[in-house]
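In: Sequence unavailable; structure follows:
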């Protein structure tokens, strides 16, 4: 079942990052916060992470992706964008679900920093014992 609308939107999240993703038929251009992919995520690893869902379904040259991402750091943002693109692809065409699910792109990584507890230095780090 293909749902070919002009725009398909989805949200991807990771730690404190949230990415609002919009995909549309086009030439394969990816724009993140008004910048091209290579300008926003400078490392090859980050760029490959963002492109991974599109490569998995073979649509890296057929869809334009527009993303607004905020919060967190570089790695959290790349994985939030990847999650958002995968979710948008599922909305666009439900047939992509098995391929994306097998690679783990549809699962939101819920790991986040644990809160600091009173009486401790950090979340679990206790005071060091001193003899004198």
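Out: Yes, it's here. In this text the structure is predicted, and so the values were computed from the model without any measurement.
In: Now tell me what touches stretch 85-104 from outside.
Out: Under the criterion CB atoms under 8 Å, 6 or more residues apart in numbering, residues 1-5, 8-12, 21-23, 50, 52-54, 56-57, 59, 63, 65, 67, 105-106 lie in contact with stretch 85-104. (Each C-beta comes from the backbone N, C-alpha and C, glycine too.)
In: just checking, which of the residues you listed belong to strands?
Out: Per DSSP state E, strands hold the following members of those: 8, 9, 10, 11, 12, 21, 22, 23, 63, 65, 67.
In: Farthest-apart pair in those residues, please.
Out: For the ones in strands among the contacts of stretch 85-104, with distances taken as CB to CB, the pair at the greatest spread is 11 and 63 (17.4 Å).
In: can you give me the helices for this protein?
Out: Using DSSP state H, the helices of the chain run over 37-40, 44-57, 74-92, 97-103.
In: Including distance to residue 118 and mean pLDDT, could those helices go into JSON lines?
Out: What follows is those, written out as JSON lines (distance: least, CB to CB, whole Å; pLDDT from 0 to 100):
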{"stretch": "helix 37-40", "distance to residue 118": "39", "mean pLDDT": "96"}
{"stretch": "helix 44-57", "distance to residue 118": "37", "mean pLDDT": "95"}
{"stretch": "helix 74-92", "distance to residue 118": "27", "mean pLDDT": "96"}
{"stretch": "helix 97-103", "distance to residue 118": "41", "mean pLDDT": "95"}
